[in-house]
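>>> When you get a sec, could you give me coordinates for this:
(chains A and B)
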Amino acid sequence: MKKTIFTLISMFIVINIFTVNQIELIHQEAIDLYNEKNYQTALDKFILIENEGIVNSDLYYNIGNCYFRINEIGRSILYFKKALKVRSDHQAARRNLDYALTFTQDKQDSESESVIRSFWQKAFDAVSINLLAIITLFIFAAIIFFISLMIIRFRNREKTVPIFITTILIFFFIAFLIVSFLKWQEFHKQNEAVLLSSSAIGYSGPGKDFTRVFTIHEGMIFTIERDEENWSLIKLENGLGGWINKDTFVIIKL
Amino acid sequence: MKKIIFILSLLLIGQFLFAQQIEVESYVDRTKIGISDLVKYTIEISGEKIGNISTPRLPKIENFEKLGSSTSSSSNYSIVNGKMTSKVTKSYTYTLRPLKIGNHLIPPITIKIKDRSFTTDPIHINVLKGSTQPAPPTSSSFTQQPNSSLDLSDNLFLKADISKINVFEEEPIIVEYKLYSRYDIANLAFAGDTNFEGFWKEDIYKPENISFDRETYNGIMYNVMLMRSVALFPTRSGKLNIPSVALNVDIRTQSHSFFDFGTTKRYNIKNKPTSVKVKPIPQSNKPSSYSNAVGKFKLSSNISQTQLNVGDSFTYTITISGSGNLKQFDIPKLKEVNNLRFLDPEITTDINKNKISGKKTIKYLIIAQEKGNFTLPVVPFTYFDTSSGSYKTLKTKPYQLMIGEGDLTFVASSAAQSIVSMEGSDIGFIITEGKLTSNNNYYDMFFYWLIWLILLLFIPASILYSNERTKLRGNVDYIRQKKANKILKKYMKEASALAAHDDPGFYAAAQLGLSSYLADKLKEPRGSSTEDIISKMGLRNIPAKLIEKIKTLFETCDQARFMPGGFSKESIETDFQHVKETINEITKCKF
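Alright, predicted model coming up:
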């Protein structure tokens, strides 16, 4: 019994190492191709890695770069957004996203936001979800440590100092927990999408017979509010809403 | 009654009519004038109690130019039938200058006085060539020459001397306006400004006081005065008019008697307008180094030092001298050398009095930044040579620089620094390093929450630990039980040491250690008899075989301790082994 488990585990590890090596090889090839300015082939290789089920912000970033190079702005924006979804603190992806957005036909920036809001957004984006997870864990560990200390060491003694420290820690813990929850929600939400077709018309209802409300172009980022068969009700950043065909866009999800 | 009213009304009407008697008249001093003469136009308003009248404003009269005006008034009192009447006359005199030869009309002028309008009669004026007035006698200093005329235009005129009639764009022309006169001139003044359209103008000379030189023109001697001298740089091609300059000349007439001091008469004279033909600068085969310079130039260059050390500076001077548009052209471009630092050049332009020649000095301060041999490249300067009508390029000499190692390292001055500017933008490069493992979200991993759970378990664990400690503190038997092993170990250590020396003390130590261990474990008081211990052990769940073993062990010990010769050297060793085995078994037992 023990032997079979052992062999199974070792086999699993060997297979894993093998595939990891294989992927690393393909990745290196893709980078070399990119360096040779053979962007389409490099892109195919990167996509191959993505199809292996690897969720990696750097990989998405590289795919976004390839799409940008072959002039598929919509898809490049999609992948930069994906990279930022995995790691919101990915500076290179943010820079490239901002740059790629200047190539879209529709102007889309939200500079009208207030100072406090944009500061909060920046701070929120600057910390990755995993960093938050680690910080929260450490604070939790510290709280546990102080509680244990109080139970063991300070059982019959004055507890003001440890209680004070623990209260502060709990305060921080709750704050980080809330931020973590928001971050986690953002990580898992699947209502943002990028328009991939060169243009799409927004109607006032799910069908072409309805009144035309707006026209958007490739690379537009918007949120999806509702679905109705082949149509989705979307909301643009400037507040405009309308129904567009589902074939024209792709949802940003991992 | 009716009669009285009639007389009164008559009187009133008469009074009214009389009071309203205002006359407006206009006249000129002469109706036939020459173009260089002036005409005096007078408007006379007369009447009783005309009060204050504002000077009538003269409308713009065609073909005439208004030069000035004067006002005079006179009053006339008369007593008729014992009734005094006063008549006031106000006259306004305007000096007009004809602009064209021909028959001109001074139109009727409407004047408003006390809400009544008066209109003057139109006046015809015949303007002839020259002057209708007899010319004043020429200055006595000139001897009457046989062929000299008495005409004013022959004895007083303004002439413009133009240095060149056919020029290229930007090529300077010197225009000198000279007054020729054979009269006694009392005063001179420019009449109005002159606008040199199509030219860039540089004033060369303007007189400060009246001074004449003698000059012969067409065989006749004149008093000549340079009125104005300008350098003109045509800014466009084509036929350009050089405007004429107008002068007001006051000529003194000669006195006829002792008491006659003579009077002055004002004449307005103008030179004949002329024009120059300006050719454009050919655009074909224009060299790229063309600096917009037009004229004739010479280029020279100079360098202060050719051998220097790093950190030293030297001056490189380029001098462009000659005539032409020195102020307008661009300085020749200096190609920068990598290892030399060029500070912004100091440019000085010295223009001679004639405004068209001079020199331009461009002084570069250059700092050597690196050791080595460098060449200061040749600087080309291209100008358009107006005499040959072609482009000409002048070149400076190349200079060889030998820069040696210096003690000073070069320190950039912040004043010469500039902010790096963006030259292009692109997306960032791909990421080529780093592991290609999935960026897992810790919050979604089981392992992460497992750590939380483990951490959380610390609280019950610490509670348990704490409880146990309190339990220990309150229970002596518990402590004894816990400490039994320690005591046993202590005695066994002693016993083994004694056994090694074949000391019979071994038996005592072994027995004591074993019995106190068992007593602690069984929660019996220390020093209980071996029998008690063994009987108590029988009550516990201890194998009978082991109890038997302990019993024999205790007996052996008793024998060895209390019976003389109850032990031998050999037996100590075997018994020690025996004790070890037994203890091993006991510690494995549960009490």
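>>> what ranges do the helices span in the chain?
Let's take chain A. With DSSP state H, the ranges of helices along chain A come out as A:2-35, A:39-51, A:57-69, A:73-86, A:91-101, A:115-126, A:129-152, A:160-188.
>>> I was after chain B.
Under the criterion DSSP H, chain B carries helices at the ranges B:2-19, B:152-155, B:446-474, B:476-500, B:505-521, B:530-539, B:544-562, B:569-588.
>>> Against which helices or strands is the longest one packed?
So that's helix B:446-474. Packing partners of helix B:446-474 (3 or more C-beta pairs under 8 Å, 6 or more residues apart in numbering or on different chains; DSSP states H and E): helix A:129-152, helix B:476-500. All C-beta spots, glycine's among them, are computed from the backbone N, C-alpha and C.
>>> and those, which one is worst for confidence?
Looking at the helices and strands packed on helix B:446-474, the lowest mean pLDDT belongs to helix B:476-500 (a mean of 78).
>>> Run the angle between it and helix B:446-474 for me.
If you take axes from the mean of the first three to the mean of the last three C-alpha atoms, to 10 degrees, helix B:476-500 sits at 90 degrees to helix B:446-474.
>>> Just the buried residues of helix B:476-500, please?
Across helix B:476-500, burial judged by 16 or more other C-beta atoms under 10 Å in any protein chain shown covers B:480, B:484, B:487-488, B:491-492, B:494-495, B:498-499.
>>> try stretch B:446-453
Across stretch B:446-453, burial judged by 16+ other C-beta under 10 Å covers B:Tyr448.
>>> Save the helices and strands packed on helix B:446-474 as CSV, and put in distance to B:Thr552 too.
What follows is these, written out as CSV (distance: least, C-beta to C-beta, whole Å):
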stretch, distance to B:Thr552
helix A:129-152, 47
helix B:476-500, 17
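>>> Dump the helices of chain B into a markdown table; add distance to B:Thr110 as well.
Shown next, in a markdown table, are the helices of chain B (distance: least, C-beta to C-beta, whole Å):
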| stretch | distance to B:Thr110 |
| --- | --- |
| helix B:2-19 | 22 |
| helix B:152-155 | 36 |
| helix B:446-474 | 105 |
| helix B:476-500 | 138 |
| helix B:505-521 | 147 |
| helix B:530-539 | 155 |
| helix B:544-562 | 155 |
| helix B:569-588 | 146 |
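>>> Need the winner for burial among those.
Of all the helices of chain B, helix B:505-521 has the most neighbours on average by mean count of other C-beta atoms under 10 Å in any protein chain shown, namely a mean of 22.
>>> for the record, mean pLDDT for that one?
Mean per-residue pLDDT for helix B:505-521: 80.
>>> Determine the angle, from 0 to 180 degrees, between it and helix B:544-562.
Using the same axes, to 10 degrees: helix B:505-521 against helix B:544-562 is 140 degrees.
>>> which residues sit against helix B:505-521?
Outside helix B:505-521, the residues that touch it by C-beta atoms under 8 Å, 6 or more residues apart in numbering or on different chains are B:480-481, B:483-485, B:487-488, B:490-492, B:494-495, B:498-499, B:524-528, B:530, B:533, B:537, B:550, B:553-554, B:556-558, B:560-561, B:567, B:572, B:575-576, B:579, B:582-583, B:586, B:591.
>>> okay, the angle between it and helix B:569-588?
Interaxial angle, helix B:505-521 versus helix B:569-588 (the same axes, to 10 degrees): 10 degrees.
>>> and helix B:505-521 with helix B:530-539, angle?
Relative orientation of helix B:505-521 and helix B:530-539, computed by the same axes, to 10 degrees: 50 degrees.
>>> from memory B:Thr386 sits against B:Gly324, does it?
Yes: between B:Thr386 and B:Gly324 a contact is recorded at 7.5 Å, counting by C-beta atoms under 8 Å.
>>> Neighbour count: these two, which is higher?
Between B:Thr386 and B:Gly324, counted using other C-beta atoms under 10 Å in any protein chain shown, the more crowded position is B:Gly324 (25 against 22).
>>> Just list whatever residues bridge to that one.
Per DSSP bridges, the residues bridged to B:Gly324 are B:Gly295.
>>> ok, now how distant is it from chain A?
50 Å (C-beta to the nearest C-beta, to the nearest Å).
>>> cool, B:Glu197 as well?
Using C-beta to the nearest C-beta, B:Glu197 is found at 50 Å from chain A.
>>> and that residue, how many neighbours does it have?
Applying other C-beta under 10 Å, I find that B:Glu197 has 12 neighbouring residues.
>>> what residues does chain B put near chain A?
Taking C-beta under 8 Å from any C-beta of the partner chain, the part of chain B that reaches chain A is made up of B:425-432, B:434, B:436-443, B:448, B:451-452, B:455-456, B:458-459, B:461-463, B:465-466, B:469.
>>> Name the spans of the chain whose pLDDT lies under the cut-off.
You didn't say which chain, so I picked chain A. Where chain A drops to pLDDT under 70, the residues are A:1-20, A:109-113, A:155-156.
>>> that's the wrong chain, I wanted chain B
Across chain B, the ranges flagged by pLDDT under 70 are B:1-20, B:49-52, B:130-151, B:254-262, B:406-419, B:421, B:564-567, B:590-591.
>>> picking up where we left off before, and A:Asp209, which of the helices of chain A is closest to it?
For these, the distance to A:Asp209 is smallest for helix A:73-86, at 26.8 Å, taking C-beta to C-beta.
>>> Please write out the alpha-carbon positions of the closest one in PDB.
Extracted C-alpha coordinates of helix A:73-86, given in PDB (Å, rounded to 0.1, in the frame of the first residue of the first chain):
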ATOM      1  CA  ILE A  73      -5.400  46.500 -30.300                       C
ATOM      2  CA  GLY A  74      -8.600  45.000 -28.900                       C
ATOM      3  CA  ARG A  75      -7.100  41.700 -28.000                       C
ATOM      4  CA  SER A  76      -3.900  43.400 -26.600                       C
ATOM      5  CA  ILE A  77      -6.100  45.500 -24.300                       C
ATOM      6  CA  LEU A  78      -7.900  42.300 -23.300                       C
ATOM      7  CA  TYR A  79      -4.700  40.600 -22.300                       C
ATOM      8  CA  PHE A  80      -3.200  43.600 -20.500                       C
ATOM      9  CA  LYS A  81      -6.500  43.800 -18.500                       C
ATOM     10  CA  LYS A  82      -6.100  40.100 -17.800                       C
ATOM     11  CA  ALA A  83      -2.500  40.600 -16.600                       C
ATOM     12  CA  LEU A  84      -3.800  43.300 -14.300                       C
ATOM     13  CA  LYS A  85      -6.600  41.100 -13.100                       C
ATOM     14  CA  VAL A  86      -4.100  38.500 -11.900                       C
END
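>>> Fine by me, thanks again.
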